[in-house]
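Enquirer: I would like to see how this sequence folds:
(one chain, ligands or ions: 3)
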Amino acid sequence: MATYKYARVPAKGERIEASGGDFRVPDQPIIPFIEGDGTGPDIWRASVRVFDAAVERAYGGKRKIHWMEILAGEKAFNATGEWMPAESLEAVREFKVAIKGPLTTPVGGGIRSLNVALRQELDLYACVRPVRYFQGVGAPVKEPQKVDMVIFRENIEDVYSGIEFRAGTAEAEKLRQFIEKEFGKKIRPESAIGIKPMSAFGSKRLIEMAIKYALKTHRPSVTMMHKGNIMKFTEGGFRDWGYELAKEKFGEHVVAEADLAAAGGKARADAVVLKDRIADSMFQQILLRPDEYSVVATPNLNGDYISDALAAEVGGLGIAPGGNLGDEAAVFEATHGTAPKYAGLDKINPGSVILSGVMMLEHMGWNEAAKLIVTGLEKAIAAKTVTYDLARQMQGATEVSTSGFGDAIIKGMA
Ligand SMILES: NC(=O)C1=CN([C@@H]2O[C@H](COP(=O)(O)OP(=O)(O)OC[C@H]3O[C@@H](n4cnc5c(N)ncnc54)[C@H](OP(=O)(O)O)[C@@H]3O)[C@@H](O)[C@H]2O)C=CC1
Ligand SMILES: O=C(O)CCC(=O)C(=O)O
Ligand SMILES: [Mg+2]
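Expert: Ligands and ions are numbered 1, 2, ... in the order given. Just a heads-up that it's a prediction; the model follows:
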């Protein structure tokens, strides 16, 4: 076991073991958590009570999570002088499954995103964000129940690589001159320059995960969302690599939309249709014909944008979960950020972290506990006992606090 300077390894509990994609979850696993900045502490306090109540109710004491706090973000900086102590990453490597609250990233300068760093350092190459409608939630579209999508966002590459040079610096000027001299491409002097690397390796492994998920869960299609008409070799490459991968690895189990006519217009019952859409068009498609889309595989930036847009379609960022998955480890986290204006007010909706916990429990195979939480959440919403964000979109709702919503979910676990 690694030695920890800041974190305290719980006296009881065991490691989740992983090897070659298989993993073994003991009845008493140790699970690291990051509380998060801004509203993170409010949300975590409510969420952990919900997780513990669900596990206790589902397994009557036979199973229990031993939580291990690891430091990141402002809390880490204040305690240690480091934003992301190396041991926090080590803990995720060692214990394999973790959950985190949101972490602040300043705009225009200061530290680079800790969220992105965590994903890159741990090679959590897929950001998986399911989006579904919960009956009774107010939504800005007429038929939110038609939205049932799972986004697979490439989580490591693209403009998130962090290779960027500020306008007016010697580095930016050197790069500008190099590009002009070597490739004859003109960039306006004094420009900031960013690089967008996307590889066949990174794109294919993400699309492969999305297709495998669609096949396993009997979903009808995987749509590659890209801007390949403009960014021909990066986003266009993503699309081409996707079709190539489908042929190489999935044979008759995947049918390209363009080949459907030859297949009689309909794919085999056990096959998935692979299609692609240009990103701007996709944003109108998810509003007008969301039921034509099921699993969406997309590069990093598109995935970031569409995650929040889809969350809004079914009621907002308060119920938008996610998981960062790699072959060796997984870190679950909400789609939203720190929502700083609500920090410390016990007001924000903890639903996204709670649903991220549901994904975590499912990942561990603890489906009974996961189901109890979903039932609890559905009942709290049906009773219109909800936080401000959902209350303002409903008629006759009772607005409750972050902790009050946690209580309502626990009460609803029958
Ligand atoms: N993975 C991560 O850790 C992420 C971190 N961030 C970081 O978070 C910080 C703040 O980002 P910002 O752009 O304000 O985006 P946020 O997602 O934090 O908040 C934007 C708005 O979304 C709504 N919202 C967010 N979370 C919830 C919730 N749990 N319940 C209800 N409503 C919610 C609120 O809307 P309203 O005002 O209408 O109530 C809020 O003002 C930045 O530093 C950013 O970099 C951002 C995204 C992800
Ligand atoms: O890292 C950040 O601050 C933002 C990340 C983000 O928006 C996301 O992962 O969806
Ligand atoms: Mg985002």
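Enquirer: where do the helices sit along the stretch 1-150 of the chain?
Expert: Counting by DSSP state H, counting those that start in this stretch, the stretch 1-150 of the chain has helices at residues 40-59, 73-80, 86-95, 114-121.
Enquirer: With the stretch 151-300 of the chain instead?
Expert: Applying DSSP H, counting those that start in this stretch to the stretch 151-300 of the chain gives helices spanning 170-183, 200-216, 235-245, 279-288, 300-313.
Enquirer: Any chance of the ones you listed in TSV with distance to ligand 1 as columns?
Expert: Any C-beta I mention is one placed from the backbone N, CA and C, and that applies to glycine too. Formatted as TSV, these follow (distance: least, CB to the nearest ligand atom, whole Å):
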stretch	distance to ligand 1
helix 170-183	24
helix 200-216	18
helix 235-245	22
helix 279-288	18
helix 300-313	7
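Enquirer: okay if I get those helices as TSV plus mean neighbour count?
Expert: Shown next, in TSV, are the helices of the stretch 151-300 of the chain (neighbours: other CB atoms under 10 Å):
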stretch	mean neighbour count
helix 170-183	13
helix 200-216	20
helix 235-245	21
helix 279-288	16
helix 300-313	20
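Enquirer: Looking at those helices, spot the one closest to ligand 2.
Expert: helix 300-313 (4.7 Å; CB to the nearest ligand atom).
Enquirer: CA atoms of that closest one as CSV?
Expert: Coordinates of each C-alpha in helix 300-313 appear next as CSV, following Å, rounded to 0.1, in the frame of the first residue of the first chain:
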residue,chain,number,x,y,z
ASN,A,300,-13.7,16.4,-26.1
LEU,A,301,-14.9,20.0,-26.7
ASN,A,302,-18.1,19.0,-28.5
GLY,A,303,-18.8,16.6,-25.6
ASP,A,304,-18.4,19.4,-23.1
TYR,A,305,-20.8,21.6,-24.9
ILE,A,306,-23.5,19.0,-25.6
SER,A,307,-23.4,17.7,-22.1
ASP,A,308,-24.7,20.9,-20.6
ALA,A,309,-27.2,21.5,-23.5
LEU,A,310,-28.7,18.0,-23.1
ALA,A,311,-28.8,18.4,-19.3
ALA,A,312,-30.8,21.6,-19.7
GLU,A,313,-33.2,19.8,-22.0
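Enquirer: what's next to the helix or strand containing residue 354, contact-wise?
Expert: Assigned by DSSP states H and E, residue 354 belongs to helix 351-363. Outside of helix 351-363, the residues within contact range by CB atoms under 8 Å, 6 or more residues apart in numbering are 31, 43-44, 46-47, 50-51, 54-55, 97, 99, 101, 128, 130, 317-323, 325, 330, 332-336, 367, 369-370, 373-374, 377, 387, 405-406, 409.
Enquirer: got it, and stretch 180-191?
Expert: Applying CB under 8 Å, 6+ apart, the contact partners of stretch 180-191 are 167-168, 172-173, 176, 179, 193.
Enquirer: can you do 7 Å?
Expert: 167-168, 172, 176, 179, 193 (CB atoms under 7 Å, 6 or more residues apart in numbering).
Enquirer: Tabulate the helices of the stretch 1-150 of the chain (CSV), appending mean pLDDT and distance to residue 212.
Expert: CSV is the format used below for the helices of the stretch 1-150 of the chain (pLDDT from 0 to 100; distance: least, CB to CB, whole Å):
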stretch, mean pLDDT, distance to residue 212
helix 40-59, 98, 27
helix 73-80, 97, 33
helix 86-95, 98, 23
helix 114-121, 97, 20
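Enquirer: With mean neighbour count added, can I get the ones you listed in TSV?
Expert: As requested, the helices of the stretch 1-150 of the chain are arranged in TSV below (neighbours: other CB under 10 Å):
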stretch	mean neighbour count
helix 40-59	21
helix 73-80	17
helix 86-95	20
helix 114-121	20
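Enquirer: among those, which is nearest ligand 2?
Expert: Of all those, the one in closest proximity to ligand 2, counting by CB to the nearest ligand atom, is helix 114-121 (3.5 Å).
Enquirer: Mind giving me the packing neighbours of that closest one?
Expert: Contact partners of helix 114-121 among helices and strands, from 3 or more CB pairs under 7 Å, 6 or more residues apart in numbering; DSSP states H and E: none.
Enquirer: does residue 97 have beta-bridge partners, and which?
Expert: When assigned by DSSP bridges, residue 97 has beta-bridge partners residue 330.
Enquirer: can you tell me how far it sits from residue 326?
Expert: Residue 97 sits 11 Å away from residue 326, going by CB to CB, to the nearest Å.
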